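Student: for reference, the sequence and a predicted model appear below.
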Amino acid sequence: MIEALPYIRRFYGKRMVIKYGGKAMVDHELKRQVIADIILLHYVGIKPVLVHGGGPEISEVMERMGKKPQFVHGMRVTDEETARIAEMVLVGNINKELVELFNQHGSKAVGLSGKDGRLLLARKLTPDETGGIDLGLVGEVTHVETEILDVLIDKGYIPVIASIGSDEDGRTLNLNADHVAGKLSAAIKATKLIVLTDVCGICRDPEDENSLIPVLTDEEALKLIEDGIITKGMIPKVRACVEALRGGVERAHIINGAIPHALLMEIFTDKGIGTMIVSSK
């Protein structure tokens with residue numbers, strides 16, 4: 001607690017965006033711990049905002065409905081039926097379960113999708129942007145309308161946001177939750193973006209956790225993508241962190257959410273546990 005005190009003082013009243021994913025979303029005990037940790041952050045005066053996806057759960061429901069999930073370059077091919085399933089799972093199932101967990105533990109949470117208050121306006125990705133493949137109703141965020149979040153945060157609520165948005169014509173678009181978290185953290189002027197995933201952070205050798213890089217700049221992170229060190233699902237996470245930093249966020253972190261109380265160790269200890277990315281400027 002003594003080690004944590006300077007950090008509590010430093011981050012009191014500050015906004016933090018937490019992107020929730022990986023094993024910590026599917027393991028019940030880990031889920032309970034993550035929610036409890038976020039509530040603790042809230043009680044000590046930090047203003048957390050939770051962004052979540054739910055890819056495995058979407059695929060599971062699709063298969064139960066007799067529909068085979070398809071992916072190109074790690075992105076889900078999303079026709080109209082898949083978009084409806086994604087919205088049902090993310091907004092109707094996962095989001096409400098997370099909100100209820102917060103409420104059960106004595107905190108006040110409100111579930112949102114990108115459609116609420118036109119929170120996340122998006123556009124459909126073109127085949128030129130996805131390797132020549134039309135992914136269907138897959139989009140990227142073009143605008144974050146922060147008013148509804150400002151109201152909720154100022155009233156003491158924890159916003160819980162599902163990664164579903166819509167375009168100018170009102171079409172539902174499936175959004176990458178990492179990308180949403182990066183855009184959102186810059187828009188609401190968060191102090192930190194913290195990405196919970198299933199790896200210890202960014203490693204020089206992805207097969208060796210002992211090669212963890214504790215701190216690197218946004219430019220160094222992009223170079224690691226160019227060099228093929230950062231690959232697959234880590235790419236959108238790192239790009240989200242870079243986008244957040246270049247939008248004014250002070251620090252971005254990638255940590256292993258499967259470690260009990262990973263959030264608290266990263267925020268409130270001198271050493272931390274994952275990779276912190278900072279602006280090179």
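Tutor: It's in.

Student: report the rounded mean pLDDT for stretch 70-89.
Tutor: Averaging pLDDT along stretch 70-89 yields 89.

Student: ok, longest helix in this protein?
Tutor: Using DSSP state H to define each element, the chain has its longest helix at helix 28-43.

Student: okay, buried residues for that one please.
Tutor: 30-31, 33-42 (16 or more other C-beta atoms under 10 Å). Any C-beta I mention is one placed from the backbone N, CA and C, and that applies to glycine too.

Student: packing partners of the helix or strand bottoming out on mean pLDDT in the chain?
Tutor: None of the helices or strands of the chain scores lower by mean pLDDT, DSSP states H and E than helix 23-26, at a mean of 76. Packing partners of helix 23-26 (3 or more C-beta pairs under 8 Å, 6 or more residues apart in numbering; DSSP states H and E): helix 28-43.

Student: now the helix it packs on: mean pLDDT?
Tutor: 92.

Student: check stretch 108-125 too.
Tutor: 95.

Student: same thing with stretch 215-234?
Tutor: pLDDT averaged over stretch 215-234 gives 92.

Student: contacts for that stretch next, please.
Tutor: 74, 197, 199, 202, 204, 206, 235, 238-239, 241-242, 245-246, 254, 275-280 (C-beta atoms under 8 Å, 6 or more residues apart in numbering).

Student: mind redoing it with 6 Å?
Tutor: 235, 238, 242, 245, 276-280 (C-beta atoms under 6 Å, 6 or more residues apart in numbering).

Student: by neighbours, which of the residues you listed wins?
Tutor: Highest neighbour count within the contacts of stretch 215-234: Ile277, with 27 neighbours (other C-beta atoms under 10 Å).

Student: now do the contacts for it.
Tutor: 221, 241, 252.

Student: taking those one by one, which sit in helices?
Tutor: 221, 241.

Student: just the contacts of Ile277 now: which is nearest Val138?
Tutor: Cys241 (20.9 Å; C-beta to C-beta).

Student: burial count for the residue nearest to the closest one when sequence neighbours are not counted?
Tutor: Distances taken as C-beta to C-beta, 6 or more residues apart in numbering put Ala252 closest to Cys241, at 3.5 Å, once the chain neighbours are dropped. Ala252: 30 surrounding residues under other C-beta under 10 Å.

Student: likewise for Tyr157?
Tutor: 18.

Student: rewinding a little: next, the angle from the helix or strand that the longest helix of the chain is followed by to helix 28-43.
Tutor: Following helix 28-43 in sequence order, the next helix or strand is strand 47-52 (DSSP states H and E). With axes from the mean of the first three to the mean of the last three C-alpha atoms, to 10 degrees defining the directions, strand 47-52 sits at 150 degrees from helix 28-43.

Student: which elements pack onto strand 47-52?
Tutor: In terms of contacts (3 or more C-beta pairs under 6 Å, 6 or more residues apart in numbering; DSSP states H and E), strand 47-52 is packed against strand 15-20, helix 28-43, strand 158-162, helix 177-187.

Student: relative to Gln104, which of the ones you listed is closest?
Tutor: helix 28-43 (8.7 Å).

Student: got the angle between the closest one and strand 15-20?
Tutor: Using the same axes, to 10 degrees: helix 28-43 against strand 15-20 is 180 degrees.

Student: which other helices and strands contact helix 28-43?
Tutor: Against helix 28-43 (3+ C-beta pairs under 6 Å, 6+ apart) you get strand 47-52.

Student: ok, residues contacting the strand it packs on?
Tutor: Residues beyond strand 47-52 that count as contacts (C-beta under 6 Å, 6+ apart) turn out to be 15-20, 38, 41-42, 153, 158-161, 177, 180-181.

Student: partner strands of it, with direction?
Tutor: strand 15-20 (parallel), strand 158-162 (parallel) (DSSP bridges).

Student: average pLDDT across that strand?
Tutor: Here the average pLDDT along strand 47-52 is 97.

Student: same check, this time on stretch 3-22
Tutor: 92.

Student: would you turn the contacts of stretch 215-234 into TSV with distance to Glu168?
Tutor: Below are the contacts of stretch 215-234 laid out as TSV (distance: C-beta to C-beta, whole Å):
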residue	distance to Glu168
Ile235	28
Val238	29
Val242	27
Leu245	28
Met276	37
Ile277	32
Val278	35
Ser279	32
Ser280	35
